[in-house]
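A.B. asks: Task: produce atomic coordinates for the following.
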Amino acid sequence: MASRDPPVTSYSPPDVPSGVALLLTIPFAFFLPELIFGFWVWILVAATQVANPLLQGWVMYVSLTSFLISLMFLLSYLFGFYKRFESWRVLDSLYHGTTGILYMSAAVLQVHATIVSETLDLKNYYINTAASFFAFVTTLLYILHAFSIYYH
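C.D. replies: Numbers count the residues shown, from 1 in each chain. Sure thing, here's the model as predicted:
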């Protein structure tokens with residue numbers, strides 16, 4: 001009887017370590033900071049009084065979706081699922097590049113929401129300022145990850 005699983009390809013990149021050592025190599029070391037800073041973005045946006053639901057809704061969508069998909073990528077690297085597909089690096093690079101662009105748009109919209117909230121409530125202004133800062137840091141991390149996985 002034939003095996004139901006597709007055969008493991010011989011493409012598996014030799015420079016991808018397995019397990020926790022993955023988090024110490026440079027292209028993959030961006031996963032945890034992306035997750036941590038992305039987590040702070042959507043927690044801070046959720047903690048504010050929403051000034052403009054359309055703007056901050058986009059910020060929430062981008063940050064939460066990116067968090068979940070990045071977590072799935074991290075788990076797939078930790079458990080070795082990437083070994084079954086040849087185009088895994090291309091997919092990883094395209095995902096992180098696209099997410100970097102989407103996060104840039106979300107960060108700019110979050111800054112706009114911060115400027116609008118400046119006159120309304122000082123507490124929400126400070127929370128929005130922190131969310132804007134973390135959104136730009138997360139954008140930088142996603143772009144660095146995309147370039148490092150592409151050039152590695």
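
A.B. asks: How about residue 128, nearest residue that isn't a chain neighbour?
C.D. replies: Spatially, and ignoring its direct neighbours in sequence, residue 128 is nearest to residue 114 (3.9 Å; Cβ to Cβ, 6 or more residues apart in numbering). Placement of C-beta: from N, CA and C, glycine included.

A.B. asks: Return the distance of residue 106 relative to residue 120.
C.D. replies: Using Cβ to Cβ, to the nearest Å, we find residue 106 at a distance of 21 Å from residue 120.

A.B. asks: These two: who's more crowded?
C.D. replies: residue 106 (29 against 11; other Cβ atoms under 10 Å).

A.B. asks: Give me the pLDDT for the more buried one.
C.D. replies: pLDDT recorded at residue 106 is 95.

A.B. asks: how close does it sit to residue 129?
C.D. replies: Distance of residue 106 to residue 129, computed by Cβ to Cβ: 15 Å.

A.B. asks: just residue 111 next, same as before
C.D. replies: 9 Å.

A.B. asks: With residue 50 instead?
C.D. replies: 15 Å.

A.B. asks: Show me the shaky parts of this protein.
C.D. replies: 1-19, 152 (pLDDT under 70).

A.B. asks: What's the local residue count around residue 107?
C.D. replies: 24.

A.B. asks: My guess is it contacts residue 131. True?
C.D. replies: No: using Cβ atoms under 8 Å as the test, residue 107 is too far from residue 131 to be in contact (9.0 Å).

A.B. asks: quick one: common contacting residues for these two?
C.D. replies: When Cβ atoms under 8 Å, 6 or more residues apart in numbering defines a contact, the residues bordering residue 107 and residue 131 alike are residue 59.

A.B. asks: ok so, going back, what about the residue nearest to residue 128, how many residues close to it?
C.D. replies: 22.

A.B. asks: Run the chain-centre distance for the host helix or strand of it.
C.D. replies: Element membership of residue 114, judged by DSSP states H and E, is helix 88-117. Offset of helix 88-117 from its chain centre (Cα atoms, centre = their mean, to the nearest Å): 8 Å.
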